[in-house]
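1. dropping a prediction and its sequence here:
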Amino acid sequence: MSATADLNAGTTPVRETHRFDEAALARWMEANVQDYCGPLFVEQFKGGQSNPTYKLVTPKRNYVMRRKPPGHILKGAHAVEREARVLQALATTGYPVAKVYALCTDDGIVGTWFFIMEMVEGRIFWDATFPDVSRQHRAAYFDAMNDTIARLHLISPETIGLSDYGKPGNYFARQIARWTKQYQDDKDAGRDFDMDRLVEWLPANIPDGDESSIVHGDFRCDNMIFHPTQPRVLAVLDWELSTLGHPLADFAYHAMMFRMPPDIVAGLAAADLTVLGIPSEADYVAAYCGRTGRTSIPAYDFYIAFNFFRMAAIFHGIKGRAIRGTAASEHAKERAKSFPVLARLARQSMEACL
C-alpha cells in the first residue's frame, strides 16, 4: 500500500474532535432512513480533509454519513445539503453516484447538518499510476475516467432540476474571487508570495468565451469507486465543490494529475507513462475533446494555472483548520505542508502562459 493510501484508505475509531451522540443518530435513522435496522456501529474514514465522513455499520447494510465539521466554518463552505441535492439529481440520469437516503438540517442530532448515503463497495485507487492494475488494462481505466467526466459535462442541468445549482456565466471571475477571499480571510494560515502574485494575475487574464455545465470540482481517481474487477466507475464521490461552472475548468483540474506530484494527491508527475501503459496528457485531452465535440482546448495552460491556484487555496484552508484544531483529518498538518508547493506550481503554470 502506498503512503497516500495508508493515510487515507480505510477507517479508524471516531476521532475525539468529531465524536457525537451515536444513540441520537440511530434514533434519527430509524425514523428517517427506510429499512434501517440497528444496532449501529460508527467508524470514521481516514480520508476527507473537509467534511468528516463516517462508515455506519448495521447488521443489514452499511451506510456512509457526510457531515459539516464542528467549530468555526467559513461562509459557504461544507455545504452537505448541496452534495445531497446533486447526488439525488444525477441519480435520475443513471450517472454513477451513491444513493442518498436522507438529509438532516437539524444541528441537534449530531451537532451539524449531515446526510446518509449508500456505501458503494469497490476499489479506490489512491495512486494515479494504478499499480494494482496490469499494464495492458491501465489505459481502459483512464478511458473510463475520461468517459465519466465527459458524460457529466454533457448532462443538461435544466433537465434534472439543477438550473439554479450555481450562477451561469463568469465562472472564472467568480471562482477566482471566491478562493481569493477564502485565502485572504484565513489569517491563521498566513500569506504566500506565489499566491499573492496569482491573485493579481488570474482575474486579468481570463480567456474569452464562456460555457456552463455541471462541474464536480474535485474529479480525481481517488474520488471514484471502481468496479471490483472491471475498468468501470461505480460511483463518483465528494461533490462538496460541485456547482454550475465551466467544463474546461473541471476537466483541466482532472487532467492536472499529469503534472501533480504524487505525494500531494494522486499524480503522475515524473512517471514514465509509456512504460506504465498510461495515455499521454495530449492523448487524454484529445479523448475528452472527441467525447464532447471539441477540436482542442485553447488557453489550456491558464486552466491548469487556475486549478493549481484553487487547490492551493483549499490546502491553505486545511492549514488554517489544522492550526485551529478543527481539521477533519488527523493528517491535516502533513497535508498543509503541501500548500506552498501547490502555490509554486500554480505560479509556474501561470508563467507558461506569459
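-> Cool, got the structure. Numbers count the residues shown, from 1 in each chain.
2. residue 43: neighbour count?
-> 15 (other Cβ atoms under 10 Å). Placement of C-beta: from N, CA and C, glycine included.
3. which phi and psi does it have?
-> For residue 43, the backbone dihedrals (degrees, to the nearest 10) come out as phi -130, psi 160.
4. check the gap between it and residue 28 for me.
-> 18 Å (Cβ to Cβ, to the nearest Å).
5. again, but for residue 283
-> Residue 283 is 49 Å from residue 28, by Cβ to Cβ.
6. out of the two, which sits in the busier spot?
-> residue 28 (20 against 14).
7. could I get the pLDDT score of the nearest residue to that one once chain neighbours are set aside?
-> If the residues on either side of it in the chain are set aside, residue 28 comes closest to residue 109, at 5.0 Å by Cβ to Cβ, 6 or more residues apart in numbering. Looking at residue 109, its pLDDT reads 97.
8. number of residues surrounding residue 109?
-> Around residue 109 there are 19 residues (other Cβ under 10 Å).
9. how much space between it and residue 166?
-> On the measure of Cβ to Cβ, residue 109 and residue 166 end up 28 Å apart.
10. again, but for residue 96
-> Taking Cβ to Cβ, one finds residue 96 at 21 Å from residue 166.
11. then residue 297?
-> In terms of Cβ to Cβ, residue 297 sits 21 Å off from residue 166.
12. and for residue 112?
-> 23 Å.
13. looking at the two now, which is surrounded by more residues?
-> Legend: neighbour count by other Cβ under 10 Å for residue 112 and residue 166, higher for residue 112 (21 against 18).
14. list the residues that contact that one.
-> 67-70 (Cβ atoms under 8 Å, 6 or more residues apart in numbering).
15. most surrounded residue in those residues?
-> In terms of neighbours by other Cβ under 10 Å, these top out with residue 67 at 24 neighbours.
16. spatially speaking, which residue is in the middle of the protein?
-> residue 218 (3.0 Å; Cα atoms, centre = their mean).
17. so that residue sits against residue 241, correct?
-> Yes: at 5.1 Å, residue 218 counts as touching residue 241 under the criterion of Cβ atoms under 8 Å.
18. list the residues that contact residue 79.
-> residue 240.
19. at 10 Å instead, please
-> 51, 68, 73, 85, 113, 239-243 (Cβ atoms under 10 Å, 6 or more residues apart in numbering).
20. contacts only, for residue 101.
-> 29, 32-36, 63-65, 84, 115-118.
21. how about the secondary structure of it?
-> strand (DSSP: H, G, I helix; E, B strand; the rest coil).
22. next: residue 158.
-> Recorded secondary structure, residue 158: helix (three-state DSSP).
23. per-residue confidence at it?
-> 97.
24. swap in residue 75?
-> 56.
25. please apply the same query to the one 3 residues further on.
-> pLDDT, residue 78: 68.
26. circling back to that earlier point, which pair in the contacts of residue 101 spans the largest distance?
-> 35 and 84 (18.6 Å; Cβ to Cβ).
27. of the two, who's got more company?
-> Neighbours per residue, other Cβ under 10 Å: of residue 35 and residue 84, the larger number sits with residue 84, 23 against 8.
28. what strand or helix carries residue 29?
-> Under the criterion of DSSP states H and E, residue 29 resides in helix 22-32.
29. what is that helix packed up against?
-> For helix 22-32, the elements it packs on are strand 41-45, strand 53-57, strand 62-67, strand 100-104, strand 114-118, judged by 3 or more Cβ pairs under 10 Å, 6 or more residues apart in numbering; DSSP states H and E.
30. among these, which is nearest residue 156?
-> The nearest among the helices and strands packed on helix 22-32, by Cβ to Cβ, is strand 100-104 at 20.8 Å.
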